[in-house]
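Trainee: with the input below, show me the fold.
(one chain, ligands or ions: 1)
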Amino acid sequence: MFIEQPPFFFRMLFPGACWRIDKSRKQVYLTFDDGPIPEVTPWVLDVLDSYQIKACFFCVGDNVKKYPDIYRMIIDRGHQVGNHTYSHLHGWMLSAEKYQRNVDEADTLIGSRLFRPPHGHLPMKCFFQLKATYKVIMWDVVTRDYSKRMTAKGVFNVVRRYTRPGSIIVFHDSMRSWSRLQTALPKSIEWLKAQGYSFGRIDDE
Ligand SMILES: [Zn+2]
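Mentor: Numbering: from 1, shown residues only. Sure thing, here's the model as predicted:
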């Protein structure tokens, strides 16, 4: 469960980062990481449209550069975007300067006040620097849709087991998650709606 729902001590490493929003409202926040890509992102957008749900896409700058039309579709269809670095950097060990440059490079393409570090790993110095400019949006539920060891049903079960009021939920619009996402995303949305959850917008002001 340490992966699916990050424990308290891990959250405490990042003071001021956002993991869960209003605990008193039956509302969740859907987020999609690692896109945009032509094979998956348009399908996700169609699914979200069919339920009239808005989500937040944490985009990789390199993908935005490669697929500007797909990126434009996300914006045009009313969703939020966030910075997920230019080249999906990860690791505590990178220099803060290198990491910051990579985030800045993505910012020239994305221009959002929301930032999510890939894998939740970044140099601590950089975390504190980035907080001055960005709202750092982490997560309350990781569906593990990217994992080869998971089935679509397993991904859905993560959503069912760990979601609670205010949860920020992570899916991936990536090739790694595609085979599971096709079933798990609509099934999860149906279940969330049946439980009475609404779908909120992350404050990016
Ligand atoms: Zn990522």
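Trainee: report all helices and strands that the top helix by length along the chain contacts.
Mentor: For the chain, the helix with the greatest residue count under DSSP state H is helix 175-194. Secondary-structure packing of helix 175-194 (3 or more CB pairs under 8 Å, 6 or more residues apart in numbering; DSSP states H and E): helix 41-50, helix 152-162, strand 168-172. C-beta: built from backbone N, CA, C; applies to glycine.
Trainee: what angle sits between the last one and helix 41-50?
Mentor: This means strand 168-172. 140 degrees (axes from the mean of the first three to the mean of the last three CA atoms, to 10 degrees).
Trainee: and strand 168-172, how far from the chain's centre?
Mentor: 5 Å (CA atoms, centre = their mean, to the nearest Å).
Trainee: hmm, who's touching stretch 115-125?
Mentor: 6, 10, 13, 31, 33-34, 58, 82-85, 88-96, 99, 103, 127, 130, 134-139 (CB atoms under 8 Å, 6 or more residues apart in numbering).
Trainee: ditto for stretch 144-153
Mentor: 3-4, 154-155, 158, 171-172, 174, 176-177, 179-184, 187.
Trainee: re the thing from before, out of the contacts of stretch 115-125, who's near the ion?
Mentor: By CB under 5 Å from the ion, the members of the contacts of stretch 115-125 lying near the ion are 33-34.
Trainee: just the buried members of the contacts of stretch 144-153?
Mentor: For the contacts of stretch 144-153, a burial check counting by 16 or more other CB atoms under 10 Å picks out 4, 155, 158, 171-172, 174, 177, 180-181, 184, 187.
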